[in-house]
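Engineer: Okay, structure incoming, though there's no sequence with it:
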């Protein structure tokens, strides 16, 4: 009887023993310190979201979005709706001008938390893009640039001290405003001085980009909070593990039986999860993972160690954590539920793609400045500038090579290797590519 009673404690002890206990590897108090209401961009973003009426795009506009659009060719109803949304746009731009932001206290993140302001962010960015088109149409290019700057700055606020999903929305907003900047820079009425001013400001805006570690830290609070009560997500994972084992080893699915148990004995999973070391096991796994990955996730791609080809995507650094190598650490994490929440593979790829888009934009702006100052009015004039152009390093190239370019009939094609760091030959017409590519038309007088 004593042996039977001691068994659950022995199992829990073993499960916890496998995950070394390390301290939280960052300053929790400093990370969770929030800006004042007056300095918080989300104060204005929330106001903008309340004033916003979602825009309705016809099928033709939707199909062309977010590539080159012309204000005068948009449906009259859409143009009227954009103009009527001035109060929402003004609030959005006021928020973008703020120095700091934080949507939710990081220590309160859970899966059930509502992020309506983040959901409205893409619609607000769309509104800003269309308003910039309106301003370009009437020849007010400097104000159009101000609106586009606001959209870029707003995208940099999304994800500061926030979860990965919030940060990915910010990356999507950044991507969707890029066509507006490219269109603006190619307008012959925009001067070299205008573009140079915009380039300086864009580089300053880019420095507001929150580091990936912000999202890692917020995700830590998320998984710790979710692993407590009622631990439903973890129990679903147990069901998957049991079903996978019975299907592979015994040849039948355990789901029907598990469903009956869950229905007839509600809440019984909590004692089982305790025996398996929860919620402390998940918290330890989170701290262990962060102790390793926070050393590498903010480094430029060219300086990051290679990632292991597994679900956790751990970097193969030389430093040990709790005496464990990256491979040994991966084996320990494989036995926990923490991997369920680990999105670091696609997340870091999205961050690389974002950096590539920014680099290509800055490269085009620099190119347009040189075209204007050299008075390049023909394709031959433009090609003569290629040899001495300072091509920047591709942020997605592990070898640290410059971004690629090639000369075509349609224009100058410049591209990055993109999120996967593999050269897909930069075909801008292909939908099945990871390269980031833009085509810069030749000067109009050929």
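Structural biologist: It's in. Please read all numbers here as calculations on a predicted model, not as lab measurements.
Engineer: Pretty sure residue 177 sits against residue 129.
Structural biologist: Yes. In this structure, residue 177 is within contact of residue 129 by C-beta atoms under 8 Å, at 5.8 Å. Just so you know, the C-beta spots here come from the backbone N, C-alpha and C atoms, and that holds for glycine as well.
Engineer: any common contacting residues for those two?
Structural biologist: 148, 151 (C-beta atoms under 8 Å, 6 or more residues apart in numbering).
Engineer: Tell me which helix or strand comes right after the strand or helix carrying residue 185.
Structural biologist: Applying DSSP states H and E as the criterion places residue 185 in helix 164-186. Following helix 164-186 in sequence order, the next helix or strand is helix 192-206 (DSSP H and E).
Engineer: how much does that following helix deviate in direction from helix 164-186?
Structural biologist: If you take axes from the mean of the first three to the mean of the last three C-alpha atoms, to 10 degrees, helix 192-206 sits at 170 degrees to helix 164-186.
Engineer: how about helix 192-206: buried residues?
Structural biologist: Within helix 192-206, the residues that count as buried by 16 or more other C-beta atoms under 10 Å are 194, 195, 196, 198, 199, 202, 205, 206.
Engineer: For it, what is the distance to the chain centroid?
Structural biologist: Remark: helix 192-206 is offset 23 Å from the chain centroid, using C-alpha atoms, centre = their mean, to the nearest Å.
Engineer: any weak-confidence spans in the stretch 1-150 of the chain?
Structural biologist: Applying pLDDT under 70 to the stretch 1-150 of the chain picks out residues 1, 4, 60-61, 63-67, 111-112, 114.
Engineer: Longest helix in this structure, please.
Structural biologist: helix 344-373 (DSSP state H).
Engineer: now for it, which elements pack on it?
Structural biologist: helix 164-186, helix 192-206, helix 212-226, strand 412-416, strand 436-440 (3 or more C-beta pairs under 8 Å, 6 or more residues apart in numbering; DSSP states H and E).
Engineer: could you redo these as CSV and give each row distance to residue 155 and mean pLDDT?
Structural biologist: What follows is those, written out as CSV (distance: least, C-beta to C-beta, whole Å; pLDDT from 0 to 100):
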stretch, distance to residue 155, mean pLDDT
helix 164-186, 4, 92
helix 192-206, 9, 96
helix 212-226, 14, 86
strand 412-416, 19, 92
strand 436-440, 16, 88
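Engineer: Residue 395 is nearest to which of the ones you listed?
Structural biologist: For residue 395, the closest of these is strand 412-416, at 6.9 Å, according to C-beta to C-beta.
Engineer: which helices and strands does that closest one pack with?
Structural biologist: Strand 412-416 packs on helix 344-373, strand 404-407, strand 436-440, going by 3+ C-beta pairs under 8 Å, 6+ apart.
Engineer: who touches the helix or strand hosting residue 328?
Structural biologist: In this structure, residue 328 sits in helix 326-333 according to DSSP H and E. Outside of helix 326-333, the residues that reach it under the criterion C-beta under 8 Å, 6+ apart are 18-20, 285, 288-289, 292, 308, 310, 312, 314-317, 321, 324, 339.
Engineer: related to what we said a few turns ago, among the helices and strands packed on helix 344-373, which comes closest to residue 145?
Structural biologist: Among these, if distance is taken as C-beta to C-beta, the winner is helix 192-206, at 5.2 Å.
Engineer: quick one, the closest one and helix 344-373 angle?
Structural biologist: 160 degrees.
Engineer: picking up where we left off before, in ChimeraX, how would I pick out whichever of the contacts of helix 326-333 are buried, leaving the exposed ones unselected?
Structural biologist: Remark: buried members of the contacts of helix 326-333, expressed as a ChimeraX selection using 16+ other C-beta under 10 Å:
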select :18,19,20,285,288,289,292,312,314,315,317,321,324,339
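Engineer: ok, back up a step: can you list the buried residues of helix 192-206 in TSV and add distance to residue 398?
Structural biologist: Shown next, in TSV, are those (distance: C-beta to C-beta, whole Å):
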residue	distance to residue 398
194	36
195	31
196	32
198	31
199	27
202	26
205	27
206	22
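Engineer: Among those, find me the one that's closest to residue 390.
Structural biologist: Residue 390 lies nearest to residue 199 out of the buried residues of helix 192-206, by C-beta to C-beta, at 12.9 Å.
Engineer: Disregarding flanking residues, what is the spatial nearest neighbour of the closest one?
Structural biologist: Leaving aside its sequence neighbours, residue 199 sits nearest to residue 365 (C-beta to C-beta, 6 or more residues apart in numbering; 4.5 Å).
Engineer: wait, that neighbour sits on residue 202?
Structural biologist: Yes. Contact status for residue 365 versus residue 202: in contact at 7.3 Å, counting by C-beta under 8 Å.
Engineer: Common neighbours of these two, please.
Structural biologist: residue 181.
Engineer: where along the stretch 251-400 of the chain do the helices fall?
Structural biologist: 255-264, 269-275, 280-293, 326-333, 344-373, 379-383 (DSSP state H, counting those that start in this stretch).
Engineer: Looking at the ones you listed, which is nearest to residue 96?
Structural biologist: Distance to residue 96, taken as C-beta to C-beta, is lowest for helix 344-373 among these, at 16.5 Å.
Engineer: Quick check, residue 216 in contact with residue 292.
Structural biologist: No. In terms of C-beta under 8 Å, residue 216 does not count as a neighbour of residue 292; the distance is 10.7 Å.
Engineer: Grab the most central residue of this structure for me.
Structural biologist: Among the residues of the chain, the one closest to the centroid is residue 168, at 2.8 Å (C-alpha atoms, centre = their mean).
Engineer: With residue 127 as the reference, measure out to the closest residue to that one other than its chain neighbours.
Structural biologist: Closest residue in space to residue 168, ignoring its immediate chain neighbours: residue 350 at 5.8 Å, by C-beta to C-beta, 6+ apart. From residue 350 across to residue 127, the span is 23 Å (C-beta to C-beta, to the nearest Å).
Engineer: Likewise for residue 276?
Structural biologist: Residue 276 is 49 Å from residue 127, by C-beta to C-beta.
Engineer: More neighbours: which of the two?
Structural biologist: For the pair residue 276 and residue 127, the greater number of neighbours falls to residue 127 (25 against 20), based on other C-beta atoms under 10 Å.
Engineer: Next, the buried residues of the helix or strand containing that one.
Structural biologist: In the assignment (DSSP H and E), residue 127 maps to helix 116-137. Neighbour-count burial for helix 116-137 flags 117-118, 120-136 (criterion: 16+ other C-beta under 10 Å).
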